[in-house]
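# A structural model of the following input is requested.
(chains A and B)
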There are 2 protein chains.
Amino acid sequence: MAPTAPRITAVDTYDIRFPTSRELDGSDAMNPDPDYSAAYVVLCTDAGDGHEGHGFTFTIGRGNDVQVAAIDALRAHVIGRPVDALCADPGTLNRDLIGDSQLRWLGPEKGVMHMAIGAVVNAAWDLAAKRARKPLWQLLAEADPQWLVSQVDFRYIADALTPERALALLRERREGAGQRTAHLRVRGYPAYTTSPGWLGYDDDKLTRLARQAVAEGFTQIKLKVGADLDDDLRRLRAARAAVGPGIRIAVDANQRWNVDEAIAWTRALAPFDPYWIEEPTSPDDVLGHAAIRERVAPVRVATGEHVQNRIVFKQLLQAGAIDVLQIDAARVGGVNENLAILLLAAHFDVPVCPHAGGVGLCELVQHLSMFDYVALTGTTENRVIEYVDHLHEHFLAPVAVRDGHYTAPTAPGFSAAIRPESIAEYRFPDGSYWADHPHEKGAAA
Amino acid sequence: MAPTAPRITAVDTYDIRFPTSRELDGSDAMNPDPDYSAAYVVLCTDAGDGHEGHGFTFTIGRGNDVQVAAIDALRAHVIGRPVDALCADPGTLNRDLIGDSQLRWLGPEKGVMHMAIGAVVNAAWDLAAKRARKPLWQLLAEADPQWLVSQVDFRYIADALTPERALALLRERREGAGQRTAHLRVRGYPAYTTSPGWLGYDDDKLTRLARQAVAEGFTQIKLKVGADLDDDLRRLRAARAAVGPGIRIAVDANQRWNVDEAIAWTRALAPFDPYWIEEPTSPDDVLGHAAIRERVAPVRVATGEHVQNRIVFKQLLQAGAIDVLQIDAARVGGVNENLAILLLAAHFDVPVCPHAGGVGLCELVQHLSMFDYVALTGTTENRVIEYVDHLHEHFLAPVAVRDGHYTAPTAPGFSAAIRPESIAEYRFPDGSYWADHPHEKGAAA
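Numbering: from 1, shown residues only, chains lettered A, B, ... in the order given. Reported below is the predicted structural model:
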């Protein structure tokens, strides 16, 4: 039998849900009882090398099945693709998925369908990095700038960032990349922690966890706010007392406010020196963020975890609406679109501090920031990746945070793979956990 | 047995697809081969009065199943609701659906999940209007202004429009409502037609249909553009020659361009006096539309059919980015959100010219414009509803366009119901049409 080029042979999907609402981990002013979940996808090949591509969309419970259905709707675009071509150019897959005119109607480039595209595209990058035997950050950092630019879809952003300018930004940063890689391997990338600040925690737990965070080497923590101003003032006072004046405390309203409320509430919190106010209002409101930023300085304005695509990020930057840009590895259309967003941020000189937490978001997004440091902005100044210390045990290559820094991953791939035994336990509704806790299914379904 | 208050007993969903791609009806620069489809929902009750609530999301084929899955995910919020309370206050259903914190993560308020909410909310309004024995436009036009304001979610728009201002706008227009209703019943609401201008039609068909449109009483037609400039110039010249200088010709690029391209292309078309350029770029690009508008005047800028929610419409108005606001009855969160958008447009004094066509979009959106005329803006000046003359035969109460005007519906409800025999024929993949044409399923699925 003649040898044939290996192809993608299967796109397997899984509805995986963790019952996090039991402990109020992850509780905030908009999301009181999330069940952290993953609409999970595995690309299988007939290459015979044992490599699969893993990706997922993060959700918080109900609707994870809708997200799985959206990934399933992309299957016909992926099955049969030659693996070598896919891994050499994930950008073509990205363009083909975004360009399906019938599916595009369901967005375009936003919400369920776009996140599904992100899961599949990220799975392709995971496969590409595994086959290259490199962690994704290293694959990206060592890539030819011209090739990186070819991976970006400039449609709708070319008025702010041209391919030529993107190429120049990447070429400028070739110098010193080796030194930065060496530094990254030794020191890691700065992190901040949200673990002390969930809204469902009482003040004692908040204070204890805040002190613990400082002891562990973090120089920034984050508190959820926005449900009740008196509570927020009390909690922020307690946190400030616990950590002292030298530690940055970010606050996060999770889109709870109108523009005017955001301004008044943030000003009321200002005496406790919050470092940034995160998601003060709707992620869709570019002009609203600009108005808020103008009125709450010197408190910085941060957003991005729910920003739907590069086009809205472009406008947030054009309008001078944010001080801190928060990419999310699994909200937009995958690595390719996040390359566009990192390039936009670099062009506008706005620091990127990624959103993470959830299920596996820390595992994914660290790769993007490490690429940014080595090959794009060349700095970690005023840049930190969010860290939340739960659910990592379910990953085959979990993040390692030491002394307030993410350790550079060494395992090939995008760190996206969930352990098979965790899938067997938390697959919804038939995994062993859910089978053993039938009374909890109603809340999650 | 004691009588009990009637409740919603079932939320039935249907994946309905029409094979429109065979004839290139609906073809444009972004959507070369749509199969017009509906993710269709029926609310059933135990009231015993024979009334059901019908609603749908319009899609163009693939992914209609994802949209159905999203409507299914809302079922638990709807089953068991008391029918009287639901019909007296659909706004509570609207808020509850948007407020589900776990499902909200999949948007928020955009894309698949938000359109699903729109379908269910619109079905509730259909039920309310049927039980009130009024066409929806009349129910809205006769409603108490205070109650109408209570139906609007002002979250994220209160910086541009307060409930007080909305109430004042509605109260101002009480005077003369009776006369306008009488005029509407006699004359109808002005329409324009897109039927001549699909990109897949040759010049002869375009010319013939353009002349026919004028003969039928239309004073505005629309052409699809954006694939090839020379083709567009030729087609626009042919259309202008066919209709003469007194007829408005709108052109529609269906998001094909970057900002700079949109400006250059529109200027190139300007000698043929296009009335508006529609969807020149991404519907997400508020600042882009503002830049385009500044550079292409006197050609007007129109957008809205893909604008995801009231928050983006608010910004388009705040930024002075559009001359014409195009609501769509089935893209946003239903009647309640469209009330917010109509109020915003009235406040900013920008005319609303709805998007229609597709499957049943004409049937739905006519009610919103007629309400706007009778009870909100009081005028049809520079306002036209899009009309496309296909697929109406599948509706129980199809639109009637006479002498270039939509006739005011008289049947109770929202005109959303598709004929049972059409559902049986076009239900995907098991309806009789698809069973008889198995070779076409691959393209649609």
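# how far away is the residue of the stretch 1-150 of chain A found nearest chain B from residue B:281?
When distances are taken as Cβ to the nearest Cβ, the stretch 1-150 of chain A reaches nearest to chain B at residue A:111, 2.0 Å away. All C-beta spots, glycine's among them, are computed from the backbone N, C-alpha and C. The gap separating residue A:111 from residue B:281 is 19 Å, by Cβ to Cβ, to the nearest Å.
# phi and psi next, for residue A:5.
phi -60, psi 140 (degrees, to the nearest 10).
# so for the closest residue to it other than its chain neighbours, what's the pLDDT?
Taking Cβ to Cβ, 6 or more residues apart in numbering or on different chains as the measure, residue A:5 lies nearest to residue A:82, with 5.0 Å between them; neighbours along the chain are not counted. What the model reports as pLDDT for residue A:82 is 98.
# give the contact list for residue A:55.
Residue A:55 is in contact with A:40-41, A:43, A:118-126, A:334, A:414, A:416, counting by Cβ atoms under 8 Å, 6 or more residues apart in numbering or on different chains.
# what about 10 Å?
Residue A:55 makes contacts with A:38-43, A:71, A:116, A:118-127, A:329-330, A:334-335, A:360, A:364, A:414, A:416-417, as judged by Cβ atoms under 10 Å, 6 or more residues apart in numbering or on different chains.
# just residue A:407 next, same as before
Residue A:407 makes contact with A:184, A:185, A:186, A:187, A:188, A:189, A:191, A:366, A:399, A:400, A:401 under the criterion Cβ under 10 Å, 6+ apart.
# where's the fifth one relative to residue B:86, distance?
In this case it means residue A:188. As defined by Cβ to Cβ, residue A:188 lies at a distance of 55 Å from residue B:86.
# ok, the last one next?
Applying Cβ to Cβ, the value for residue A:401 to residue B:86 is 49 Å.
# check the fourth one too.
Computed as Cβ to Cβ, the residue A:187 to residue B:86 distance reads 59 Å.
# those two: which is more packed in?
Legend: neighbour count by other Cβ atoms under 10 Å in any protein chain shown for residue A:187 and residue B:86, higher for residue B:86 (23 against 14).
# how about the residues of the stretch 201-350 of chain A by chain B?
On the criterion Cβ under 10 Å from any Cβ of the partner chain, chain B has as its neighbours in the stretch 201-350 of chain A the residues A:254-263, A:281-288, A:291-292, A:306, A:308-312, A:314-316, A:318-319, A:331.
# 7 Å instead, please
Taking Cβ under 7 Å from any Cβ of the partner chain as the contact definition, the stretch 201-350 of chain A meets chain B at A:258-260, A:281-282, A:284-288, A:306, A:308-309, A:311-312, A:315, A:318-319.
# ChimeraX command for the buried members of the residues you listed?
Below is the selection syntax for ChimeraX that covers the buried ones among these, with 16 or more other Cβ atoms under 10 Å in any protein chain shown defining burial:
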select /A:258,259,281,282,284,285,286,287,288,306,308,309,311,312,315,318,319
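# just the residues of the stretch 201-350 of chain A next to chain B: which are in strands?
When these are checked against strands using DSSP state E, none is located there.
# can you flag which of the contacts of residue A:55 belong to helices?
A:71, A:116, A:118-127, A:335, A:364 (DSSP state H).
# list only buried entries from these.
Neighbour-count burial (16+ other Cβ under 10 Å) applied to these gives A:71, A:116, A:118-127, A:335, A:364.
# not counting sequence-adjacent ones, nearest residue to the closest residue to chain B within the stretch 301-445 of chain A?
The nearest approach of the stretch 301-445 of chain A to chain B comes at residue A:311, 4.4 Å away (Cβ to the nearest Cβ). Closest residue in space to residue A:311, ignoring its immediate chain neighbours: residue B:284 at 4.4 Å, by Cβ to Cβ, 6+ apart.
# ditto for residue A:111
Nearest non-adjacent residue to residue A:111, counting by Cβ to Cβ, 6+ apart: residue B:111, 2.0 Å away.
# residues near the nearest residue to residue A:133 once chain neighbours are set aside, how many?
Sequence neighbours aside, residue A:412 is the residue nearest to residue A:133 in space, at 4.9 Å (criterion: Cβ to Cβ, 6+ apart). The burial metric for residue A:412, expressed as a neighbour count using other Cβ under 10 Å, is 20.
# ok, now the one 3 residues further on?
The number of residues packed near residue A:415 is 26, by other Cβ under 10 Å.
# close enough to count as contact, it and residue A:397?
Yes - here residue A:415 reaches residue A:397: they are 4.7 Å apart, a contact under Cβ atoms under 7 Å.
# need the overlap of contacts for these two.
With contacts taken as Cβ atoms under 7 Å, 6 or more residues apart in numbering or on different chains, the residues that reach both residue A:415 and residue A:397 are residue A:409.
# can you give me the strands for chain A?
For chain A, the strands identified by DSSP E occupy A:8-17, A:37-45, A:53-59, A:189-197, A:220-224, A:248-252, A:274-278, A:300-303, A:324-325, A:385-387, A:401-402, A:405-406, in order along the chain.
# helices and strands around the fifth one, which ones?
Read it as strand A:220-224. Under the contact definition 3 or more Cβ pairs under 7 Å, 6 or more residues apart in numbering or on different chains; DSSP states H and E, strand A:220-224 sits against strand A:189-197, helix A:229-243, strand A:248-252.
# can you list those in JSON lines and add mean neighbour count and mean pLDDT?
Rendered in JSON lines, the data for those read as follows (neighbours: other Cβ atoms under 10 Å in any protein chain shown; pLDDT from 0 to 100):
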{"stretch": "strand A:189-197", "mean neighbour count": "24", "mean pLDDT": "93"}
{"stretch": "helix A:229-243", "mean neighbour count": "17", "mean pLDDT": "96"}
{"stretch": "strand A:248-252", "mean neighbour count": "24", "mean pLDDT": "98"}
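# closest one to residue A:388 among these?
Go through those one by one with Cβ to Cβ and the one that ends up closest to residue A:388 is strand A:189-197, at 5.1 Å.
# relative to strand A:274-278, how tilted is the closest one?
Relative orientation of strand A:189-197 and strand A:274-278, computed by axes from the mean of the first three to the mean of the last three Cα atoms, to 10 degrees: 80 degrees.
# neighbouring strands for strand A:189-197, and are they parallel or not?
strand A:220-224 (parallel), strand A:385-387 (parallel), strand A:405-406 (antiparallel) (DSSP bridges).
# can you list these in TSV and add mean pLDDT and distance to residue B:203?
As requested, these are exported to TSV (pLDDT from 0 to 100; distance: least, Cβ to Cβ, whole Å):
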stretch	mean pLDDT	distance to residue B:203
strand A:220-224	96	61
strand A:385-387	98	57
strand A:405-406	98	61
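# which among these is found nearest to residue B:438?
The closest of the strands paired with strand A:189-197 to residue B:438 is strand A:385-387. By Cβ to Cβ, the value is 50.2 Å.
# and the residue lying closest to residue A:18 once chain neighbours are set aside, what are its phi and psi?
Nearest residue to residue A:18, sequence neighbours excluded (Cβ to Cβ, 6+ apart): residue A:36, at 4.9 Å. Backbone torsions for residue A:36, taken as degrees, to the nearest 10, come to phi -60, psi 130.
# OK, contacts around the spatially most central residue of chain A?
The centre of chain A sits closest to residue A:328, judged by Cα atoms, centre = their mean, with a distance of 2.5 Å. With contacts taken as Cβ under 7 Å, 6+ apart, residue A:328 has the following neighbours: A:304, A:305, A:354, A:355, A:361.
# which stretches of chain A aren't confidently modelled?
Under the criterion pLDDT under 70, the flagged ranges of chain A are A:1-3, A:24-26, A:442-445.
# near chain B, which residues of the stretch 51-200 of chain A? Just list them.
By the criterion of Cβ under 7 Å from any Cβ, the positions of the stretch 51-200 of chain A lying close to chain B are A:59-63, A:65-67, A:69-70, A:73, A:100-103, A:105-108, A:110-114, A:155-156, A:158-159.
# same thing but at 8 Å, please
Taking Cβ under 8 Å from any Cβ of the partner chain as the measure of proximity, the stretch 51-200 of chain A contacts chain B at A:59-63, A:65-67, A:69-70, A:73, A:76, A:100-115, A:154-156, A:158-159.
# what's the PyMOL line that selects buried ones from those residues?
Selecting in PyMOL just the buried members of those, where the criterion is 16+ other Cβ under 10 Å, is done with this command:
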select buried, chain A and resi 59+60+61+62+63+65+66+67+69+70+73+100+101+102+103+104+105+106+107+108+109+110+111+112+113+114+115+154+155+156+158+159
